[in-house]
Structure formats: C-alpha cells, structure tokens
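Participant: no FASTA, just this:
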C-alpha cells in the first residue's frame, strides 16, 4: 500500500462537547475513536461510544462487539450497545437491506445520544465515502444539494474525517498497532455504494489518481454555492411565498430558476421527480396553464402567481352565521358580527357595515354552483363566478373565498364588499358590523 499521510485533524468546532462516537469495529470508526481519545484532553472532549448489532452477520457481529468492548475498556470510554433485527424490518417494511440497516442505526444512535446526554454523534465518514456519495447522487440525477455530499457538521451529526483518505486511516491503525474488524460484505459489489467503491473509483483513479480528492473538493465548493442559493431562497420565500387553505402561492417576481426549484421542492417534497419539477418551472414561464405534478400535487399558473395545490385541499362545509359573535369557516377565516351604530369604513376591506336584517338566516360558506350576487348599485344580479373573474381573483382562490349567503344569494364577499341587498339605506332599522379575520399558516 502506498504511503498516505494522515493530515492534522482539528476538533476545534466541538471543543468542550460530549461526543457519542458511532463505533462499528471497522477501521474507520476504530480510527476515529482512537483519534478522539488521543485529542480529548487538548480539546476538552467527553466521549461515549455506541455499537449496534444489526442482526445480520451472526458470529461475526458478536466478534465486532467484543472488539468494541475491548477497545473502549482500553481507552476508558463508556460503551452503549444495542441490537436490531434488520432482516425482520426488511420483511415487515419492504425496504432494502442497506436502507433498513441505516435507518435502524441512526435511530439507535439518536436514542443513545439522548440517553447519555451527548451533544453530537461523531461519524467516521471519510474522503472516500464523500466521493462515493457525490458520485451516487450524480448518477441518480440529483440537484445541487445532492452534489454537496455530506457536511462536516449537520444538526446533531459530526463528521471530522471528510478530508482524510481511507488508506491514511488504515496506515495510522497499522502504525499504532491497533486492531479492527473487516466486514466481508463490504468486499461484495451487491449494492451501488460497494460497486462504486470496488469497481468504479479504482478504474477512474488509474487515469486520474487524485479523483477522490477532486470530487470531495467539488463537494465543498458546491456546498458553499448551495448555501448562497439557500439564503437567496429564504429571502425570496419570505417575500413571495404564501400559504392558504387552497395550498401554496408563489407570487410572480424576479427569481432565479435555482431559487424557484428550491421553493417548489420545499413545498412538494424533495422526492418530486425531476421531470415534474421541470414541468412546474416551464409553467412559471407561461402566462397561464395547469399541470399535474403527481404525488397529489397540481401546479397552476395565473397572471399573478404559480399555485401548488394539494389534492387534500377541500373547501369546508358551511356554518350558520351568528347574529352576534363569531363564526369560523375552518382553515379559511373567522367572521365576527356585532350590532350597533357603526360608521361605514370604506378604507378597510376587512370590515363591512351592513343592514342587520339582511343577515337573518344567513350562513358562512364558500361558493357553490349557481351562486348569484347583485353588486352595489347594479340594476340586477349576475353569476358570482363572473363577478370574481371580473375582479381578477385567481381561480384557486375563488373556491376558498369566504361568503355570507342566503340560499344562492350572496350578501357579502370577504375583502370585496357587500351586495345591494345588504347595504345601509334610510330604511335600515339596525346595523351590523362584519369583521373578517383570515386564517393564515405562513
């Protein structure tokens, strides 16, 4: 094996912390545990280790656990052990073995972290793992976030070896006379990561000897640029993205495609297929249109916005309008009715003063087929749908516009005024003030 120098590893970013070290017994995790143990005085670290038997490798797994116990005893580190029946999880859930094992491992590690009060979980992912991760994501058609690979610090996870080659870790262990266990399954190219590790990367490095380092460097640069886009996305989101009972609205405005993509994936989920994400972006470029995104989502473009509409969004049932007091249209609004000699407030669209008698027997609801309204000052009535179109109310909003109605006659439209039948006249005997409180979930 060619000599690969172990770089100086700094643990300043976790100085004074309690780390739970994920210890499998393999070379990577044994090296990390020993390096942290050697540095704990310099960085004021407190260490606990955790080892999970996945229930996959039989006697080999027992030998792994025995090595972990021996190592921790020699280093003076408490060891938390756990067991999982991953084959049973696979049978019950239909997951792949690798995915089920990973999920069980992280669940155990997080439970162990809480149990021992550790600040973070230290993982032994190294530079070769980073290169494999980036290549896997690229081959799966990832977006910019995927080529960032793994972060050194991510929430409660800490990966201090991402700039260290696997070979350097092995040589460190050999030089120190430290034993470790080999997992025979890692030598079988029966899953994408193993295939990349055993077959693809070695072939690439015959032509490009520093390929793994270059891929890891690319991931670091991509992370810096991705973080910049993330900040732009947060800023655009705050100014232009709104949530309502109908779903989500991305208001038209100056936005880079990268920002829009992140907004759409934030709403519809990171697993939105690439072709459907492309379809939503194409729709943004049009004045109007509609397309199905799958997964229960529909995208609709209007003159003013791009709407992302979940199939689960359903208009609520009507509720009686209280003569005085509040009525709630679930998910849409709360309406308060008060009686008194109130002045008309023409500059406040959320408040209307109406003839109290007109509200007798009325309900609070959303629109129905055949609804009609007689606008103030109009000689006759017209279809509510035509009225809303003339007012340039986007179609997704029309189904969730709050209304006060008697039968098919609309008396009040939330934020847009009252009908002729409910206006104040000289013959009005009592006034009622209607105040609209929209329910928002930004």
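Facilitator: Right, received. Where do you want to start? What you see is a predicted model; the values in this text were computed from it and never measured. Residues are numbered from 1 along each chain as shown.

Participant: Buried by neighbour count: which residues of whichever strand or helix holds residue 63 qualify?
Facilitator: Applying DSSP states H and E as the criterion places residue 63 in helix 59-75. Neighbour-count burial for helix 59-75 flags 61, 64, 65, 67, 68, 69, 71, 72, 75 (criterion: 16 or more other C-beta atoms under 10 Å). The C-beta positions use only the backbone N, C-alpha and C, and glycine is treated the same way.

Participant: quick one: which of these is nearest residue 275?
Facilitator: Ranking those by separation from residue 275, with C-beta to C-beta as the measure, puts residue 61 on top at 42.2 Å.

Participant: and the closest one, what does it touch?
Facilitator: Under the criterion of C-beta atoms under 8 Å, 6 or more residues apart in numbering, the contact partners of residue 61 comprise 53, 54, 55.

Participant: Next, count neighbours for the second one.
Facilitator: Translated: residue 54. Residue 54 has 22 neighbouring residues, counting by other C-beta atoms under 10 Å.

Participant: secondary structure class for residue 354?
Facilitator: Taking DSSP: H, G, I helix; E, B strand; the rest coil as the rule, one finds residue 354 in the strand state.

Participant: beta partners of it?
Facilitator: Under DSSP bridges, the beta-bridge partners of residue 354 are residue 432.

Participant: Okay, helices next: where are they in the stretch 201-350 of the chain?
Facilitator: Listed in chain order, the helices of the stretch 201-350 of the chain (DSSP state H, counting those that start in this stretch) span 201-207, 211-240, 257-268, 274-284.

Participant: and among the ones you listed, the most buried is which?
Facilitator: Compared across the helices of the stretch 201-350 of the chain, helix 257-268 shows the largest average neighbour count, a mean of 19 (mean count of other C-beta atoms under 10 Å).

Participant: quick revisit: now the helix or strand immediately after the helix holding residue 63 in the chain, how far from the centre of its chain.
Facilitator: Following helix 59-75 in sequence order, the next helix or strand is strand 78-83 (DSSP H and E). Relative to its parent chain, strand 78-83 has a centroid offset of 31 Å by C-alpha atoms, centre = their mean, to the nearest Å.

Participant: what is the mean pLDDT for whatever helix or strand comes next after strand 78-83?
Facilitator: For strand 78-83, the following helix or strand on the C-terminal side (DSSP H and E) is helix 86-93. Per-region confidence: helix 86-93 scores 90 on mean pLDDT.

Participant: Which positions in the helix or strand that helix 86-93 is followed by come out as buried?
Facilitator: Beyond helix 86-93 in the direction of the C-terminus, DSSP H and E gives the next helix or strand as helix 97-116. For helix 97-116, burial by neighbour count (16+ other C-beta under 10 Å) applies to 97, 98, 100, 101, 104, 105, 108, 109, 112, 113.

Participant: so what pLDDT did the spatially closest residue to the last one that is not a sequence neighbour get?
Facilitator: Spelled out, that is residue 113. With sequence-adjacent residues excluded and distances taken as C-beta to C-beta, 6 or more residues apart in numbering, residue 113 is closest to residue 20, at 4.7 Å. You'll see residue 20 listed with a pLDDT of 98.

Participant: next one: residue 4
Facilitator: Looking at residue 4, its pLDDT reads 62.

Participant: tell me the SS of the residue nearest to residue 113?
Facilitator: strand.

Participant: In helices, which of the contacts of residue 61 fall?
Facilitator: The helices in this structure, assigned by DSSP state H, contain none of the contacts of residue 61.

Participant: Please produce a markdown table containing those, extended by distance to residue 306 and pLDDT.
Facilitator: Putting those into a markdown table (distance: C-beta to C-beta, whole Å; pLDDT from 0 to 100) gives the following:
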| residue | distance to residue 306 | pLDDT |
| --- | --- | --- |
| 53 | 50 | 94 |
| 54 | 45 | 92 |
| 55 | 48 | 88 |
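
Participant: which among those gets closest to residue 422?
Facilitator: For residue 422, the closest of the contacts of residue 61 turns out to be residue 54, at 69.0 Å, with distances computed as C-beta to C-beta.

Participant: that older thread, and which of the contacts of residue 61 is nearest residue 415?
Facilitator: residue 54 (57.8 Å).

Participant: tell me the contacts of the closest residue to that closest one other than its chain neighbours?
Facilitator: Distance criterion C-beta to C-beta, 6+ apart; nearest residue to residue 54, sequence neighbours excluded, is residue 86 at 4.6 Å. Residues in contact with residue 86, defined by C-beta under 8 Å, 6+ apart, are 54, 55, 56, 97, 100, 101, 104.
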